[in-house]
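1. give me a model of this one.
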Amino acid sequence: MGKSILIVDDSSIMRKMIRQTLMDENHIVAGEAKSGKEAIELYIVLKPDVVTMDITMREMDGFEAAREIRAIDPEAHIIFLSNLDEDKYSEDVKRLGALGYVNKHNARAIIELIGKL
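-> Take a look at the predicted model:
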């Protein structure tokens, strides 16, 4: 049985691509958010197994949203997706206790990380 997943990205094109990747592997897209603030609100309501989180978003970035989600649920499973330099952000990703970092051009790597749960 697939995992329930909350997709967080300010790009509708990226959300659609991630949704299709997840659905192709029989995961359930519990919801989609286009901002960090919306992600927190949906996380509380939906309680997904996994959150895919973009880093750069208006209003509240992915790191701040992840900190707030992890404050609500220290066991939250978050995978960061970005085109930003992984080396630059890898320490932040680790410090936040995320499952990992995936480059948006390799979205299929999300499936591998989810498989480790």
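2. need the next SSE after the helix or strand encompassing Ile13, C-terminal direction.
-> Under the criterion of DSSP states H and E, Ile13 resides in helix 12-24. Per DSSP H and E, helix 12-24 leads on to strand 28-33 as the next helix or strand towards the C-terminus.
3. before we move on, the earlier item: give me the angle between the helix holding Ile13 and strand 28-33.
-> 170 degrees (axes from the mean of the first three to the mean of the last three C-alpha atoms, to 10 degrees).
4. which other helices and strands does helix 12-24 contact?
-> strand 4-8, strand 28-33, helix 109-115 (3 or more C-beta pairs under 8 Å, 6 or more residues apart in numbering; DSSP states H and E). Where C-beta positions appear, they are placed from N, C-alpha and C, glycine not excepted.
5. what residues sit buried inside the second one?
-> Buried residues in strand 28-33, counting neighbours by 16 or more other C-beta atoms under 10 Å, are found at 29-33.
6. buried sites along the helix or strand following that strand?
-> Per DSSP H and E, the first helix or strand lying C-terminal to strand 28-33 is helix 36-46. Residues of helix 36-46 classed as buried: 36-40, 42-43 (neighbour count, 16+ other C-beta under 10 Å).
7. and the angle from helix 36-46 to strand 28-33?
-> Using the same axes, to 10 degrees: helix 36-46 against strand 28-33 is 140 degrees.
8. can I get helix 36-46 in PDB, CA atoms only?
-> Presented in PDB, the C-alpha positions along helix 36-46 are these (Å, rounded to 0.1, in the frame of the first residue of the first chain):
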ATOM      1  CA  GLY A  36       4.900  27.000   3.600                       C
ATOM      2  CA  LYS A  37       2.000  28.500   5.600                       C
ATOM      3  CA  GLU A  38      -0.600  26.400   3.600                       C
ATOM      4  CA  ALA A  39       1.600  23.300   4.100                       C
ATOM      5  CA  ILE A  40       1.500  23.700   7.900                       C
ATOM      6  CA  GLU A  41      -2.300  24.100   7.900                       C
ATOM      7  CA  LEU A  42      -2.800  21.100   5.600                       C
ATOM      8  CA  TYR A  43      -0.300  18.900   7.600                       C
ATOM      9  CA  ILE A  44      -2.400  19.400  10.800                       C
ATOM     10  CA  VAL A  45      -5.600  18.400   9.000                       C
ATOM     11  CA  LEU A  46      -4.300  15.600   6.700                       C
END
